[in-house]
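Peer 1: coords below, sequence missing:
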Ligand SMILES: CC(C)(COP(=O)(O)OP(=O)(O)OC[C@H]1O[C@@H](n2cnc3c(N)ncnc32)[C@H](O)[C@@H]1OP(=O)(O)O)[C@@H](O)C(=O)NCCC(=O)NCCS
């Protein structure tokens, strides 16, 4: 349950091209601070080259993502400020993959991630999806706890070769979308 301040207006909705601009600025600003969660979560822990992350959060890539019919891109907005987002990508008729979920650090642990996830599931259910998968870093204890608390089940622990040439130790989770 969202347990932020009760009089705050927080909404979750589909991201627009305008939102992509705000998100682009927010993520790049986050990367400027090497001690930030945005930097640690995206670059440090997975050894992802900064250039690669900058490309993922470039205005072009984000604009393309919000327009992509295979993706469900939701954002959380509080008092007109973007505070988080979740991106899922259709894999086939029945399965979607949670590609990214991220909240600004000051908004973590208040139920917003759970809310973003449940709105995603509502939409996926309407669209007849049966399964949501996610790949978490094996050592990402907090993210793994978040997925497990939200009903995801561990399918396997594995390693893959990342496009930037490093071995990634992953935990693969699945959540059955009940109709
Ligand atoms: C992971 C994340 C999306 C979870 O969303 P959230 O709103 O913080 O989580 P909720 O408040 O809905 O749920 C709380 C549970 O999530 C887990 N959790 C994960 N990260 C947490 C954080 N930074 N702070 C508090 N709880 C966190 C805990 O298990 C917590 O429950 P508990 O305190 O009873 O153990 C969010 O913390 C985040 O964006 N973290 C940084 C980026 C990241 O790790 N993304 C996922 C991998 S791509």
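Peer 2: Good, I have the coordinates. Everything numeric in this text was worked out from a predicted model, so none of it was measured.

Peer 1: give me the low-pLDDT residue ranges for the protein?
Peer 2: Applying pLDDT under 70 to the chain flags the ranges 1-8.

Peer 1: Quick check: the residue of it nearest the ligand.
Peer 2: residue 113 (2.0 Å; CB to the nearest ligand atom). All C-beta spots, glycine's among them, are computed from the backbone N, C-alpha and C.

Peer 1: what element comes up after the helix or strand containing that residue heading to the C-terminus?
Peer 2: Here residue 113 sits within helix 112-126, counting by DSSP states H and E. Following helix 112-126 in sequence order, the next helix or strand is strand 131-137 (DSSP H and E).

Peer 1: Going by neighbour count, list what's buried in that following strand.
Peer 2: 132, 133, 134, 135, 136 (16 or more other CB atoms under 10 Å).

Peer 1: Same question for stretch 102-112.
Peer 2: For stretch 102-112, using 16+ other CB under 10 Å, the buried residues are 102, 103, 104, 107, 108, 110, 112.

Peer 1: what about the first one, is that helix, strand or coil?
Peer 2: What DSSP: H, G, I helix; E, B strand; the rest coil gives for residue 102 is strand.

Peer 1: give me the beta-bridge partners of it?
Peer 2: Note on residue 102: beta-bridge partners residue 85, judged by DSSP bridges.

Peer 1: wait, what's in contact with it?
Peer 2: Residue 102 makes contacts with 38, 41, 84, 85, 86, as judged by CB atoms under 8 Å, 6 or more residues apart in numbering.

Peer 1: Are we agreed that the first one is in a helix?
Peer 2: Yes. Counting by three-state DSSP, residue 38 is part of a helix.

Peer 1: Tell me, how many residues neighbour residue 55?
Peer 2: Residues near residue 55, counting by other CB atoms under 10 Å, number 11.

Peer 1: What residues of the helix or strand hosting it count as buried?
Peer 2: Per DSSP H and E, residue 55 falls inside helix 50-56. Neighbour counts using 16+ other CB under 10 Å place 53, 54 of helix 50-56 among the buried residues.
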